[in-house]
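sharing a model prediction with you, sequence too.
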Amino acid sequence: MVLIVVTDRQPMAALRRLFSRTAFIMLPASILLIKYYGNLGRAFDPYGWMELTGVATNKNSLGVVTFVLLLGVVWRILSLVRI
């Protein structure tokens, strides 16, 4: 995917599209897994506490994925508002 973005004629636009399209799939999928498919979207830590994982492997990864993808969505929205 990195090579496709880098070799595109407009790499910034391709990166913006990659972030926004990935976010539009992964964020609702995380909510769906956490809310309706608990055995797939939740996990237990070594101490027995439940943590919400969504599409990631642990809660910290879910936080990083959400942060990066939401930065891409905000970037996309700001570019649409300026035009």
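Here it is on my side, so go on.

buried sites along the helix or strand hosting residue 24?
Following DSSP states H and E, one finds residue 24 within helix 11-35. For helix 11-35, a neighbour-count test (16 or more other Cβ atoms under 10 Å) marks 14-16, 18-20, 22-23, 26-27, 30, 33-34 as buried. Heads up, the C-betas are built off the backbone N, CA and C, glycines and all.

sort these by pLDDT and name the bottom one.
Among these, residue 20 has the lowest pLDDT, at 81.

that residue touches residue 73, doesn't it?
Yes. Assessed by Cβ atoms under 8 Å, residue 20 is found in contact with residue 73 at 5.7 Å.

give me the helices and strands touching the lowest-mean-pLDDT helix or strand in the chain, please.
When each helix and strand of the chain is scored by mean pLDDT, DSSP states H and E, helix 2-6 comes last, with a mean of 84. In terms of contacts (3 or more Cβ pairs under 8 Å, 6 or more residues apart in numbering; DSSP states H and E), helix 2-6 is packed against helix 11-35.
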